[in-house]
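Peer 1: Show me how the following folds:
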Amino acid sequence: KSGEEYGHKLRILKAVEDVNNDQKSVLVRKVVQEFGEDLANRSFTFWGLSFKPETDDMREAPSIVIANELLRRGAKVIAYDPIAIAEAKTVLGDRIAYSNSAYTALKNADALLLITEWPEFRSPDWSKVKSELKSPILFDGRNIYDRSYLKSIGFTYYGIGTK
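Peer 2: Purely as a prediction, here's the structure:
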């Protein structure tokens, strides 16, 4: 029998679930902080769609919550993921655009959001990233990048738990 069946509230598990759900909204709050609540005429690139690297698993993927919130505010989203695009299409459909290249996905986007820390995203060509984006703004949803280095080459950097 479970704790619930014995009448115990599973408060710790509920708290963990609440924190996990809140974490999915952190990047959205940071995007709104930078660009405002109305995201019409804004375009954002997602690197990564899957729940975690090396899988096409979209269950509980932060990309779903983030995409839905940005779309609700009028934004356009274009995403690149090494293997999860087909699976993502079953969840997000054609409400977002998909790219077959990480760098092509950046073209004229207002900012890059790193959602899933695939190995190929760990050491990108930052000059190429910068030249493709409208402005060099990065929302690092996994805190994998060197904030001071990116700031030194002209990026506006937002991490989780940081500016």
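Peer 1: Run a quick neighbour tally on residue 29.
Peer 2: Residue 29 has 12 neighbouring residues, counting by other Cβ atoms under 10 Å. Backbone N, C-alpha and C define where each C-beta goes, glycine included.
Peer 1: just the one 10 residues further on next, same as before
Peer 2: Using other Cβ under 10 Å, the number of residues around residue 39 comes to 22.
Peer 1: Low-confidence ranges, the chain, go.
Peer 2: Applying pLDDT under 70 to the chain flags residues 1-10, 12-23, 162-163.
Peer 1: Find the nearest non-adjacent residue to the residue sitting nearest the centre point of it, please.
Peer 2: For the chain, the residue nearest the mean C-alpha position is residue 115 (3.3 Å; Cα atoms, centre = their mean). Leaving out its chain neighbours, the residue that sits closest to residue 115 by Cβ to Cβ, 6 or more residues apart in numbering is residue 48, at 4.1 Å.
Peer 1: Which stretches in this protein count as helices?
Peer 2: Counting by DSSP state H, the chain has these helices, from start to end: 11-35, 62-72, 85-92, 126-132, 147-152.
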